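Peer 1: Can you look at this prediction? I've put the sequence above it.
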Amino acid sequence: MDRLQASLFEDSEPPTVLERPDLFRVVPRFPHFDTITNGDLFSLSLSNNTTALTHSLHRFPAKYVPQIPAWAIEEFADRNSVVLDPFCGSGTTPVEALSRCDRAFGVDCDPLACLIASAKTSAVRSPRIQALGEAILERWQRPAPRLVPPMPDLNNFGHWFTESAWGNLQSLLAVIHGLTCNDDERRFLYCVFSSILRWVSNADDQTQKTYVSGTLKKNPPEVRATFRKAFERALAGLREQELARLPTSRATVIQADAADIPLPSNSVDLVVTSPPYLDSVDYMYNFMLEYFWLGPLLGVNDRQTFNRMRRGVIGAKNPLDATPHLPVCLNDLIVENDIIPARLAATLAYCDSMAQHFASAHRVMKQGARYVLVIGNSHSNKGVLPIHDSLIRLAADAGFAFEKAFAYRIRRHYMKFPRKGRGGIITMDWVTVLRKSRRKPSYPPRLPLPDFTLHGDDVAN
């Protein structure tokens, strides 16, 4: 370790704040684990394809690039390995595992995320999906004659959709309901349906949050043409995945809490995951329109249930269950007085839930198995919160030894317009490699604390 690296990891010194973008080393792919130095900073070349296979089937906020799970699986697993993503979101890790391992599991508490991940990883066949798509276009001839909100307690649904879009979506969904097909095939078609909802709605396309802009009025595209285009893209991705996946590979997506993973003890060879960022992304709110249409099919029968579920996930901005204090191991990392009262409950609940998660992950993993954790830091009113260091300590208390960590610059965002003083966005993730230990390991020296974000007239790219 050279002098610069050594200075970044002194226990007696505060973590270094990194602000210069020229510190990032541009690489075509992440190097081999053995050649990475603790604290390395990378920027993946934009020539990397992040939409191969079924990755582009459905948009999803804050998902990591597929190059991360691909790197982790190639470094730490083989064909016989069992790979788990306990915060699988839209299924990036299971999709990558299908071409490298025989068995993968994805766990998520979000019903829509599970639908998307299942659609991306199920063994549906492209000729069958093509035939079903042709049947849909043949039967779907006109908009529904009477407009009915898809969720019973929705008021002013016309705020979100024009009458034309609403009627065509209602009749399209009815056609998909009426098809003769198996559950996996129908889930795939539901996912294609869901993937167009934001585009054909009145809601803004340039942000993750669901709202109708009063300044940038939108002219939504026609539903039929949008569905046809999305279906063709989905079919192309499915065909590509059929060629890439191993003949014996299988992925299972489970709707469950990552704090209580429903898998046997000592059964998992590798965990690769990106937990929710603290108080950063409200996933269910971002998919509000999708839940309005598909919620009753996913067990979310009304708006009240939807709002309650939003508060029950790890990382929720307004959590249902608050805890009174931080875990003791974080007392010198996070100062509660530095956090505004409106965010304190979210911070306490997040740390407590992640501690429970690491204990559950430790139980299901085999001895010596690795846990690859991808996380970005949050901000307090006094600067960056060291979430990366905090999770490493919570993991250590559960029995995970720290090996090394590196960071990479996030280059692609939904946000395409200047922030205009509305605050920064996370532009760097830390990839941390942990290993299941037989005894509680000591805490490693702190990682660098980057403050590399976008402000003012900057835009993401």
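Peer 2: Perfect, I can see it now. Numbering: from 1, shown residues only.

Peer 1: Output stretch 368-380 as CSV, nothing but the C-alphas.
Peer 2: Extracted in CSV, the C-alpha atoms of stretch 368-380 (Å, rounded to 0.1, in the frame of the first residue of the first chain):
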residue,chain,number,x,y,z
GLY,A,368,-16.2,-18.9,4.2
ALA,A,369,-18.8,-17.7,1.7
ARG,A,370,-18.4,-14.1,0.4
TYR,A,371,-20.9,-11.3,0.6
VAL,A,372,-20.5,-8.6,-2.0
LEU,A,373,-22.2,-5.4,-0.8
VAL,A,374,-22.9,-2.4,-3.0
ILE,A,375,-24.0,0.8,-1.3
GLY,A,376,-23.9,4.6,-1.7
ASN,A,377,-23.5,7.1,1.1
SER,A,378,-26.3,9.4,2.3
HIS,A,379,-26.0,13.1,3.4
SER,A,380,-26.8,14.9,6.7
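
Peer 1: Name the residues of that stretch that are buried.
Peer 2: For stretch 368-380, burial by neighbour count (16 or more other C-beta atoms under 10 Å) applies to 369-380. For the C-beta atoms, the positions are set from N, CA and C on the backbone; glycine is no exception.

Peer 1: So which residues of the chain form helices?
Peer 2: 3-8, 67-76, 92-97, 111-121, 126-139, 163-178, 183-200, 223-244, 283-286, 288-294, 303-310, 341-364, 387-398 (DSSP state H).

Peer 1: what pLDDT, on average, does the second one get?
Peer 2: Confidence over helix 67-76 (mean pLDDT, whole number) is 97.

Peer 1: and Cys329, what is it in contact with?
Peer 2: Each residue near Cys329 by C-beta atoms under 8 Å, 6 or more residues apart in numbering is listed here: 393-394, 396-397, 443.

Peer 1: so what pLDDT did it get?
Peer 2: For Cys329, the model assigns a pLDDT of 94.

Peer 1: How much space separates it from Val27?
Peer 2: 33 Å (C-beta to C-beta, to the nearest Å).

Peer 1: Same check on Leu289?
Peer 2: 37 Å.

Peer 1: And these two? Which one has more around it.
Peer 2: Neighbour comparison, Leu289 and Val27: the larger count goes to Leu289, with 19 against 14 (by other C-beta atoms under 10 Å).

Peer 1: picking that back up, please identify which of the helices of the chain is closest to Asp321.
Peer 2: Distance to Asp321, taken as C-beta to C-beta, is lowest for helix 341-364 among the helices of the chain, at 6.2 Å.

Peer 1: Mind listing what's buried along the closest one?
Peer 2: For helix 341-364, a neighbour-count test (16+ other C-beta under 10 Å) marks 343-364 as buried.

Peer 1: just stretch 39-49 next, same as before
Peer 2: Quick answer for stretch 39-49 (16+ other C-beta under 10 Å): 39-44.

Peer 1: cool, stretch 71-88 as well?
Peer 2: 71-73, 75-77, 81-88.

Peer 1: do stretch 261-276 as well
Peer 2: Neighbour counts using 16+ other C-beta under 10 Å place 261, 263, 267-276 of stretch 261-276 among the buried residues.

Peer 1: Can I get those in JSON lines including distance to Thr252?
Peer 2: Formatted as JSON lines, the buried residues of stretch 261-276 follow (distance: C-beta to C-beta, whole Å):
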{"residue": "Ile261", "distance to Thr252": "12"}
{"residue": "Leu263", "distance to Thr252": "10"}
{"residue": "Ser267", "distance to Thr252": "12"}
{"residue": "Val268", "distance to Thr252": "12"}
{"residue": "Asp269", "distance to Thr252": "15"}
{"residue": "Leu270", "distance to Thr252": "15"}
{"residue": "Val271", "distance to Thr252": "15"}
{"residue": "Val272", "distance to Thr252": "16"}
{"residue": "Thr273", "distance to Thr252": "16"}
{"residue": "Ser274", "distance to Thr252": "19"}
{"residue": "Pro275", "distance to Thr252": "20"}
{"residue": "Pro276", "distance to Thr252": "21"}
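
Peer 1: Now do the phi/psi pair for the residue nearest to Pro28 when sequence neighbours are not counted.
Peer 2: Nearest residue to Pro28 in three dimensions, chain neighbours excluded: Ser45, at 4.9 Å (C-beta to C-beta, 6 or more residues apart in numbering). Taking degrees, to the nearest 10, you get phi -60, psi 140 for the backbone angles of Ser45.
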